[in-house]
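S.K.: need coordinates for the below:
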Amino acid sequence: MDAFHIFHEYISEKISLQSGAGHFIILDMDRFLNEVLKNIRKYELIHRGQQVVVGFSGGADSVCLLHALHELRAILGISELRAVHVNHCLRGDEALRDETFSRDFCREHDIEFRAVQVDVKGLAASEGSSIEEAGRKLRYEALRRELILGGVIATAHHADDSAETILLNLARGTGFKGAAGIRPKRDDVIRPLIFCSKSDILSYVESRGLSYVTDSTNLSNDYTRNAIRNMILPLFREHVNLRTEKHILDFGIYCDEADAYFTAAAEAFLDEEAELSRGVMAIRKKSVKEKAQIVRRYVIIEALRRLGVPLKDMTRLHFESVDAAFFAGNGYHVDLPGGVCVKNDHRETCIYLRED
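M.R.: Reported below is the predicted structural model:
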């Protein structure tokens, strides 16, 4: 091998990036950190001078995320890195063990730390929600209380989590948005590890000699997501394709691109062919009938979004009933979940919230 190829192979183990000042720098770091840094830059997850609040459970994934961001803090220009451990108070001594471990880990690595205890069972009972839904709500509320203006929340979701989400959503019924899986960024929440596999995360943690705790509930197949992770995906890898997760994630990326395209088309259409006034979205029937069915579906979704209507209770049949209005005559009327009404006049389909 000649000198050029030796140098090229060596430099591939480094990373060449353009800094904010426009100069190129070479960082001496391993492949995993290179990949994390590349994705942070590609999706603009963290900006210089920004605070990052990390949801820190003490498990392998969050240990990996927190340690990686700590290693990259200088080059990313993170102004403050803070770990927040949310104790859901559901697992007794094990939960206290996790909280203690998380506090000790941050003390050892000189990372700012805060522990918060929340009453998940109480919220689930009062709102009639599941333990998982209540836990997620309280967890993000606790993380957002630690944010300063312009800061972001970093969670340790990874590629395997996204593949599981796609399969789960497909089985339950979904469109492009649900089939896109977990995206790198949503509002103030970022996921720097979303394109990293679980095996790569474990390799990084082990190579750095980092300890972590294991949530015993993750080993039980009583939870739907655990069953997908522990039973269904291994079957796909064994009997269908070893790179099952990779192909599922590629499919998710295509769905995300399609969702973005049709969303933009629907937004442009409503801007030109509809009017929102006093809580009523009036859509010109003649114009919308000329659009493909999938575009009409996105027009309905965007109209409901602009009216502030949550979509979680809307089924395919509900969307089809609104779509039918575009082709129906004067007087067509249908009621939807959440107090939504759809009514036709001669030229327009009007969507509005019923006043009780």
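S.K.: the spatially closest residue to residue 216 that is not a sequence neighbour: how many residues sit nearby?
M.R.: Excluding the flanking residues, the one nearest residue 216 by Cβ to Cβ, 6 or more residues apart in numbering is residue 94, at 6.3 Å. Using the backbone N, CA and C atoms, a C-beta is placed for each residue, glycine as well. Number of residues near residue 94 (other Cβ atoms under 10 Å) recorded here: 14.
S.K.: again with residue 306
M.R.: Neighbour count of residue 306, defined by other Cβ under 10 Å: 14.
S.K.: ok, it to residue 352 distance?
M.R.: The gap separating residue 306 from residue 352 is 11 Å, by Cβ to Cβ, to the nearest Å.
S.K.: quick one, what contacts residue 251?
M.R.: 166, 179 (Cβ atoms under 8 Å, 6 or more residues apart in numbering).
S.K.: repeat that for 7 Å
M.R.: residue 166 (Cβ atoms under 7 Å, 6 or more residues apart in numbering).
S.K.: could you pull up phi and psi at it?
M.R.: Residue 251 adopts backbone torsions of phi -60, psi -40, taken as degrees, to the nearest 10.
S.K.: give me the below-cutoff pLDDT ranges for this structure.
M.R.: 1-29, 218-223, 356 (pLDDT under 70).
S.K.: hang on, the earlier thing: now for residue 306 and residue 352: what residues contact both?
M.R.: Here residue 306 and residue 352 have residue 281 as joint contacts, going by Cβ under 7 Å, 6+ apart.
S.K.: what packs against the lengthiest strand in the chain?
M.R.: In the chain, with assignment by DSSP state E, the single longest strand is strand 80-87. Counting contacts by 3 or more Cβ pairs under 7 Å, 6 or more residues apart in numbering; DSSP states H and E, strand 80-87 packs against strand 51-55, helix 60-76, helix 93-108, strand 112-117, helix 131-145.
S.K.: flag every buried residue along it.
M.R.: 81-87 (16 or more other Cβ atoms under 10 Å).
S.K.: that older thread, so which of the helices and strands packed on strand 80-87 is the most surrounded?
M.R.: strand 51-55 (a mean of 24; mean count of other Cβ atoms under 10 Å).
S.K.: give me the sheet partners of that one and which way each runs.
M.R.: According to DSSP bridges, strand 51-55 forms sheet pairs with strand 80-87 (parallel), strand 152-154 (parallel).
S.K.: and the last one, how far out from the chain's middle?
M.R.: On the basis of Cα atoms, centre = their mean, to the nearest Å, strand 152-154 sits 11 Å off its chain's mean C-alpha point.
S.K.: so which bits of it are buried?
M.R.: Within strand 152-154, the residues scored as buried using 16+ other Cβ under 10 Å are 152-154.
S.K.: just after it, pick out the following helix or strand.
M.R.: Per DSSP states H and E, the first helix or strand lying C-terminal to strand 152-154 is helix 159-172.
S.K.: now that following helix - C-alpha only, PDB.
M.R.: Provided in PDB are the C-alpha atoms of helix 159-172 (Å, rounded to 0.1, in the frame of the first residue of the first chain):
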ATOM      1  CA  ALA A 159     -32.300   3.100  15.500                       C
ATOM      2  CA  ASP A 160     -33.700  -0.100  17.000                       C
ATOM      3  CA  ASP A 161     -36.300   2.000  18.800                       C
ATOM      4  CA  SER A 162     -37.400   3.700  15.500                       C
ATOM      5  CA  ALA A 163     -37.700   0.300  13.800                       C
ATOM      6  CA  GLU A 164     -39.900  -1.000  16.600                       C
ATOM      7  CA  THR A 165     -42.000   2.100  16.400                       C
ATOM      8  CA  ILE A 166     -42.500   1.700  12.700                       C
ATOM      9  CA  LEU A 167     -43.600  -1.900  13.100                       C
ATOM     10  CA  LEU A 168     -45.900  -1.000  16.000                       C
ATOM     11  CA  ASN A 169     -47.500   1.800  14.000                       C
ATOM     12  CA  LEU A 170     -48.000  -0.300  10.900                       C
ATOM     13  CA  ALA A 171     -49.700  -3.000  12.900                       C
ATOM     14  CA  ARG A 172     -52.000  -0.600  14.600                       C
END
